[in-house]
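pasting the sequence and the predicted model now:
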Amino acid sequence: MNQDTSDSPVAVETLDDVPEHVLRGLPEDVRLFPSAVDKTRLGVWATKSILKGKKFGPFVGDKKKRSQVKSSVYMWEVYYPNLGWMCVDATDPEKGNWLRYINWARSGKEQNLFPLEINRTIYYKSLKPIAAGEELLVWYNGEDDPAIAAAIEEERASARSRRHSPKARRDHIGLQEGLYSSGSEAAFGMPRDHVSPGSICLENNSYI
């Protein structure tokens, strides 16, 4: 994230700039107010206590090549096996949702959210309890942080448990039988764009 050193006036975001669909999509425990970490932007603030481990998302935006993105402030970069690295860009508020307004923490002490990729979709998860009146702030320091590493491993374990549950096995067998009876070769292989949960990148910092 580059800082603007020009002398031109910087536009300040206001609630009047927020699309109606974003306001309607806000969870009941957060609201938009001016950010404490960037005076030119709105931020997302807790209006009720948020428990550790709560998941928000998904992050929504236009899917673009990196060369098409003008700013890295409002985007995440995700790897798709059939497309390569693609950016989910929410620079245009009309294309994003309320997660667009969650700002970057300036330090690990400020950070209370971390990004999590699930099936090539970005979510934010609370790293610790967030009190009412605190701004939600995210960073991507990945598994270097023991607390984040533990939370990511917990998410992986949960995903593995779901994949190997009796219901998942029954559904998989039923799908294979249906495809086999129809003569489809897909019953014998993975989808072309299959990837294990966890390909996520911003500014070439990959984790999960």
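Structure received.

could you list the low-pLDDT ranges of the protein?
1-8, 141-160, 162-165, 167-208 (pLDDT under 70).

strands of that one, residue ranges please.
Assigned by DSSP state E, the strands in the chain fall at 30-34, 42-46, 55-56, 62-64, 75-80, 84-89, 103-104, 113-118, 121-126, 137-138, 200-202, 205-207.

pipe the ones you listed into TSV and attach mean neighbour count and distance to N97 per row.
C-beta: built from backbone N, CA, C; applies to glycine. Shown next, in TSV, are these (neighbours: other C-beta atoms under 10 Å; distance: least, C-beta to C-beta, whole Å):
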stretch	mean neighbour count	distance to N97
strand 30-34	17	12
strand 42-46	22	11
strand 55-56	18	10
strand 62-64	15	12
strand 75-80	20	13
strand 84-89	19	11
strand 103-104	18	15
strand 113-118	22	15
strand 121-126	19	11
strand 137-138	22	14
strand 200-202	20	18
strand 205-207	16	23
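
to V22, which of these lies closest?
Comparison of the strands of the chain against V22 by C-beta to C-beta identifies strand 30-34 as nearest, at 8.0 Å.

pairing partners for that closest one, with directions?
strand 42-46 (antiparallel) (DSSP bridges).

got the angle for the partner strand vs strand 121-126?
50 degrees (axes from the mean of the first three to the mean of the last three C-alpha atoms, to 10 degrees).

wait, what's in contact with the residue lying closest to A90 once chain neighbours are set aside?
In space, and not counting its chain neighbours, A90 is closest to G96: 3.0 Å by C-beta to C-beta, 6 or more residues apart in numbering. By C-beta atoms under 8 Å, 6 or more residues apart in numbering, the contact list for G96 reads 22, 59-61, 74, 90.

hang on, the earlier thing: format the strands of the chain as CSV; extra columns: distance to A11.
Below are the strands of the chain laid out as CSV (distance: least, C-beta to C-beta, whole Å):
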stretch, distance to A11
strand 30-34, 13
strand 42-46, 12
strand 55-56, 26
strand 62-64, 21
strand 75-80, 19
strand 84-89, 19
strand 103-104, 16
strand 113-118, 25
strand 121-126, 25
strand 137-138, 21
strand 200-202, 24
strand 205-207, 28
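
so G133 sits against K48, correct?
No. When contacts are counted by C-beta atoms under 8 Å, G133 is not listed as touching K48 (9.9 Å).

hang on, the earlier thing: out of the strands of the chain, which is closest to V12?
Closest among the strands of the chain, once you apply C-beta to C-beta, is strand 30-34, at 8.3 Å.

residues contacting that closest one, please?
The contact list for strand 30-34 (C-beta under 8 Å, 6+ apart) reads 15, 18, 23, 26, 41-47, 50, 98, 101, 136.

which of the contacts of G96 ranks first by neighbour count?
F59 (24 neighbours; other C-beta atoms under 10 Å).
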